[in-house]
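Mind looking at a prediction? Sequence and model below.
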Amino acid sequence: MLARAERPRPGPRPPPVSPFPPPPPPSPSQDPQKMNRNHVCKTPGRAQPKGPERRRGPRCSEADSYLTRFAAPHIYNYSALLVDPASHTLYVGARDSIFALSLPFSGERPRRIDWMVPEAHRQNCRKKGKKEDECHNFIQILAMANASHLLTCGTFAFDPKCGVIGVSSFQQVERLESGRGKCPFEPAQRSAAVMAGGVLYTATVKNFLGTEPIISRAVGRAEDWIRTETLPSWLNAPAFVAAMVLSPAEWGDEAGDDEILFFFTETSRVLDSYERIKVPRVARVCAGDLGGRKTLQQRWTTFLKADLLCPGAEHGRASGVLQDMTELRPQPRGGTPVFYGIFSSQWEGAAISAVCAFRPQDIRAVLNGPFRELKHDCNRGLPVMDNEVPQPRPGECITNNMKLQQFGSSLSLPDRVLTFIRDHPLMDRPVFPADGRPLLVTTDTAYLRVVAHRVTSLSGKEYDVLYLGTEDGHIHRAVRIGAQLSVLEDLALFPEPQPVESMKLYRGWLLVGSHTEVTQVNTSNCGRLQSCSECILAQDPVCAWSFRLDACVAHAGEHRGWCGQCRWTLSPSAAWLPCISRGSSHLIRDENCCHLALSRYLAPICDSSREGAAISAVCAFRPQDIRAVLNGPFRELKHDCNRGLPVMDNEVPQPRPGECITNNMKLQQFGSSLSLPDRVLTFIRDHPLMDRPVFPADGRPLLVTTDTAYLRVVAHRVTSLSGKEYDVLYLGTEDGHIHRAVRIGAQLSVLEDLALFPEPQPVESMKLYRGWLLVGSHTEVTQVNTSNCGRLQSCSECILAQDPVCAWSFRLDACVAHAGEHRG
């Protein structure tokens, strides 16, 4: 178990000014370090993130029951959190101090160790040009070395130190040693660390300037460590994010070697020799790696890395910045882990965040795939041919099969294998998200941190629930339903905005570290949902409606067997909230107690009719789906809140009402609609509405936006240079813009935003003619070229734009509209 510090902000800042009335002064018996239950308010006027409608944060009067704060006077940077489930303890690393708090917080006095920097060290730090506020000991690493001792490392005024703490006494940091190569020199340097088999694996920088990145197995003397080679092809200005351990048992190999994964973003020149881009990557080393005997001596022989692809972070582009990665490990032995990552845009001014899920088996498949032969021009490196890869395969953990070939450890590997892996650490193929696309993309919320756990709904179905920490101190609680993340709740944690710097989960509690405090949040805040319809529509898998309590409550699955008998039906209505109809009354005798829980999407909502809800969505529908619904059951309309029930088949007259005249009907003497009997015509007059809705082709919208009002759409199909066909849509807005978007899978990615008119006015009509878009408005008709590839100025821009009609021409040194002539 380990906590790592993430984006602490050095130096003391004055505590934020609270909009709340000041609390009464503590009595002499009260300890100033005790936790206080404080009110939480939504920040007035805060713009809400784009995406599906979410439940707002609670009113101030409701927050007392589920939120607790901890802060010590004059202590800041509560950025390193470690939960020890065995002792029910939260260890908190802050500036110059380490705390031990019993979980969950209840107000008792925490244990505390002050680990200060001597004044001589601080003076030396200032002589090196560092500010006073930077010359402190910012705790960066907390890890359980064993059951009795806690390992900790801090920046120690730009001279990193590590030590151990006896958890039973918790009095002081002992056995101090240099932390160089384990711990960063300052908190702004991103780092990651993890314990595996009692050994610390770290990813940080080794020198004062932060220019020598290192991934190492930090055991024994520093000169005996196994570490990365000092080559840009191995690590090039990385920003480390997370480190995790995969056990061989998860691959069905009980005798295999532990694998340590490191997630980071680094600089690459793969796509353009004149432009540096940032690329998120994952690297893997094996715990049993001993380095090479001559080549790669004291260096990793199993270091492999691959690109991580989360397209939504760049509006369809392949690159981005990895902000955080968390592992959801089902318990106990509940299946393969899932990695959830937050990605943001590297381009200045693009406030985009995306959440992607990755599977370990996909990472492993890429690491077992072709290597990349790196080149130094604009062309990306080509894959190494199989016949050029030596045997045994470079970069593999030592397996039983390799031991049978006399390769008992990495020390016995031949030089040709070690030379190859030294020169080819990068894999050719990227790791794609589990569902081929992001789970969530937002363009006005900056997500920084993520944690996740798996919960069981009342129906018995399991759901992954994610907690997303934002740059301004909000927590978005989201549930994964299929290939989409639906935000359930937006909670403002702090009186004044500040970044969420670290998060941990402990049973039913979310623990959040920030610059000024540690906050404990109850993850089951079902009481915020005041009605049965709200409780069900919230799609919160931990919440259910209790008829006995007449309230939305957190369930424990105790009534799971009953809910299959409830037969509740829900349907969207013009008023957004559905009408609810109870179809089983015999449960009243069982204390009138039945819990309801939503186990799937009721239906995608493709438009909002609520006043003030500026939501637009684009959905795709298939004619065969429309026809299937029109050939389905009719609805018997009612005039109260209960939705109409479907008309039973034996109540529908023949020939079927509403059908076009078919040859079969003509054979029955119904040659035209004039010959239909009155019972058929009366039925269709009274039953024009079908009972079932028409669902979108992919079961959900292709695009949802909360700050753009789309009015018109036209579409055509184009063929890319690879021969693959894509649907391109042109979306006209209320203020006279055209959004050109391409459909990739079940998602619509906006490629271009074009303002048509000098003054905003609605787009009223659109037509396509060959390569032109014709747009009508109140004042004019505008003709627009649909192939505006010249806007993309460089090779990397042209490729990353993912525009199917554009390609880079080396002859013209420009991005041009292709005609498919080079497809072969």
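Structure received.

contacting residues for Glu250?
Taking Cβ atoms under 8 Å, 6 or more residues apart in numbering, we find Glu250 in contact with Thr336, Pro337, Pro360. C-beta here means a position set from N, CA and C on the backbone, and glycine is covered the same way.

my read: the second one touches Gln331, true?
Spelled out, it's Pro337. No. Between Pro337 and Gln331 there is no contact under Cβ atoms under 8 Å: 10.5 Å.

Looking at these two, which one has more neighbours?
Pro337 (17 against 9; other Cβ atoms under 10 Å).

Quick check, pLDDT for that one.
The model reports Pro337 with a pLDDT of 92.

same deal with Ala574?
24.

ditto for Gly561
Gly561 is assigned a predicted lDDT (pLDDT) of 38.

same thing with Glu725?
88.

now swap in Arg109 and tell me
Taking Arg109 on its own, its pLDDT is 88.

How is it assigned, secondary-structure-wise?
coil (DSSP: H, G, I helix; E, B strand; the rest coil).

Can you report how many residues lie near it?
Counted with other Cβ under 10 Å, the neighbours of Arg109 add up to 11.

Next: Phe99.
Phe99, neighbours per other Cβ under 10 Å, totals 22.

how deep is Val450 tucked in, by neighbour count?
Quick note: Val450 (other Cβ under 10 Å) scores 22 neighbours.

Could you check how far it is from Glu517?
20 Å (Cβ to Cβ, to the nearest Å).

mind listing what Asp423 touches?
The neighbourhood of Asp423, defined by Cβ under 8 Å, 6+ apart, consists of Ser233.

For it, which phi and psi angles does the backbone take?
Main-chain torsions, Asp423, degrees, to the nearest 10: phi -90, psi -10.

Could you say which helix or strand holds Val629?
helix 623-630 (DSSP states H and E).

hmm, who's touching the helix or strand just after that helix?
Downstream of helix 623-630, the next assigned helix or strand under DSSP H and E is strand 635-636. By Cβ under 8 Å, 6+ apart, the list of residues contacting strand 635-636 from outside reads Gly644, Leu645, Pro646, Val647, His687, Leu689, Met690, Asp691.

other SSEs contacting the helix or strand that comes right after strand 635-636?
For strand 635-636, the following helix or strand on the C-terminal side (DSSP H and E) is strand 645-646. Contact analysis of strand 645-646 by 3 or more Cβ pairs under 8 Å, 6 or more residues apart in numbering; DSSP states H and E lists strand 635-636 as its packing neighbours.

mind redoing it with 7 Å?
Helices and strands touching strand 645-646, by 3 or more Cβ pairs under 7 Å, 6 or more residues apart in numbering; DSSP states H and E: there are none.

Given that strand, what are its sheet partners and their directions?
Note on strand 645-646: by DSSP bridges, its sheet partners are strand 635-636 (antiparallel).

burial count for Asn137?
26.

so what's it closest to, chain neighbours aside?
Among residues not flanking Asn137 along the chain, Gly154 sits closest, at 4.2 Å (Cβ to Cβ, 6 or more residues apart in numbering).

Next, work out how far apart the one you found and Ile165 are.
12 Å.

Find the residue at the geometric middle of the protein.
Val355 (2.4 Å; Cα atoms, centre = their mean).

who's in contact with the helix or strand hosting Arg449?
Using DSSP H and E, Arg449 maps to strand 447-456. Strand 447-456 is touched from outside by 6-7, 323-324, 326, 328, 330, 340, 342, 353, 355, 462-471, 499-500, 502-505, 541-542, 557, with contacts defined as Cβ atoms under 7 Å, 6 or more residues apart in numbering.

circling back: which residues sit in contact with the residue lying closest to the residue nearest to the centre of the chain once chain neighbours are set aside?
Counting by Cβ to Cβ, 6+ apart, Leu440 is the residue found nearest to Val355 once chain neighbours are left out, at 4.4 Å. Listed by Cβ under 7 Å, 6+ apart, the contact partners of Leu440 are Gly51, Ala354, Val355, Ala478, Leu485.
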